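A.B. asks: this one's structure only:
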């Protein structure tokens with residue numbers, strides 16, 4: 001995710017103004033080769049050279065990283081975190097009066113078709129907020145939310161791609177079981193999903209209206225939809241997403257404790 005964000009940043013600002021650090025030296029060398037950005041020897045050096053600091057670290061690493069650099073961050077800088085479960089309250093407590101923006105991007109930002117949910121603390125100006133939104137918009141859509149919904153966003157758009165991958169996996173297995181050539185199955189299934197997604201985002205119709213448009217009376221689609229309803233697919237998804245939300249809340253508590 002950090003590498004993808006470097007790509008977004010260098011398409012927004014001059015690469016000469018981008019500074020990176022990672023404990024993995026191989027990753028750093030790769031980023032240096034790809035983007036010709038400045039490579040630093042520590043997190044402290046990144047902070048001292050930057051106005052906007054993006055924390056692309058795991059939630060469990062956040063306390064350690066903030067402890068390293070908190071004495072070098074003042075209210076002239078902007079802190080951006082993409083760590084799931086790490087609340088604005090954590091940064092407000094550890095970084096006094098500093099502008100903080102929390103972002104929850106999902107994996108499809110890798111193909112510039114992601115969703116990034118974003119919120120900010122009270123110290124962040126509209127100008128700074130809009131600039132950070134501009135960076136993330138290079139990789140997809142940016143949706144402003146209240147922080148109270150971040151756990152739900154994590155379960156929906158954060159985990160959501162995996163739900164679609166799983167649906168593709170299931171349909172492909174069924175297609176193979178029913179006799180289709182395995183060479184054509186991935187393309188057949190995945191481009192069906194891609195086409196449906198494009199219609200959902202580009203047509204001026206709701207998901208329900210599009211589904212109804214495909215579902216002819218006494219047709220094949222109707223039989224499939226009736227079966228989904230018989231086995232209460234909606235309830236299965238509801239329970240799955242509720243479980244994901246609960247786990248997101250647990251992670252938030254674990255990280256904050």
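C.D. replies: Right, received. Where do you want to start? These numbers come from a predicted model, not from an experiment.
A.B. asks: what lines up beside the helix or strand where residue 116 lies in the sheet?
C.D. replies: Residue 116 belongs to strand 114-120 when assigned by DSSP states H and E. Paired with strand 114-120 in the same sheet, following DSSP bridges, are strand 99-105 (antiparallel), strand 140-144 (parallel).
A.B. asks: what are the contacting residues of the helix or strand immediately after the shortest one in the chain?
C.D. replies: Beyond strand 140-144 in the direction of the C-terminus, DSSP H and E gives the next helix or strand as helix 150-153. Residues lying outside helix 150-153 but in contact with it, judged by CB atoms under 8 Å, 6 or more residues apart in numbering, are 85, 87, 102, 104, 117, 119, 143, 145, 245, 248, 249, 252. Using the backbone N, CA and C atoms, a C-beta is placed for each residue, glycine as well.
A.B. asks: as JSON lines, those residues with neighbour count would be great.
C.D. replies: Listed next are these as JSON lines, based on neighbours: other CB atoms under 10 Å:
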{"residue": "85", "neighbour count": "22"}
{"residue": "87", "neighbour count": "22"}
{"residue": "102", "neighbour count": "24"}
{"residue": "104", "neighbour count": "25"}
{"residue": "117", "neighbour count": "24"}
{"residue": "119", "neighbour count": "22"}
{"residue": "143", "neighbour count": "15"}
{"residue": "145", "neighbour count": "14"}
{"residue": "245", "neighbour count": "17"}
{"residue": "248", "neighbour count": "21"}
{"residue": "249", "neighbour count": "16"}
{"residue": "252", "neighbour count": "20"}
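A.B. asks: still on that earlier bit, closest to residue 73 out of the strands paired with strand 114-120?
C.D. replies: strand 99-105 (10.0 Å; CB to CB).
A.B. asks: neighbouring contacts of that closest one?
C.D. replies: 1, 75, 77-82, 84, 86-88, 91-92, 114-121, 123-125, 128-129, 132, 136, 139-140, 147, 150, 153-154, 157-158.
A.B. asks: any of the residues you listed buried? List them.
C.D. replies: By neighbour count, with 16 or more other CB atoms under 10 Å, these hold 77-82, 84, 86-88, 91, 114-121, 123-124, 128-129, 132, 136, 139-140, 147, 150, 153-154, 157-158 as buried.
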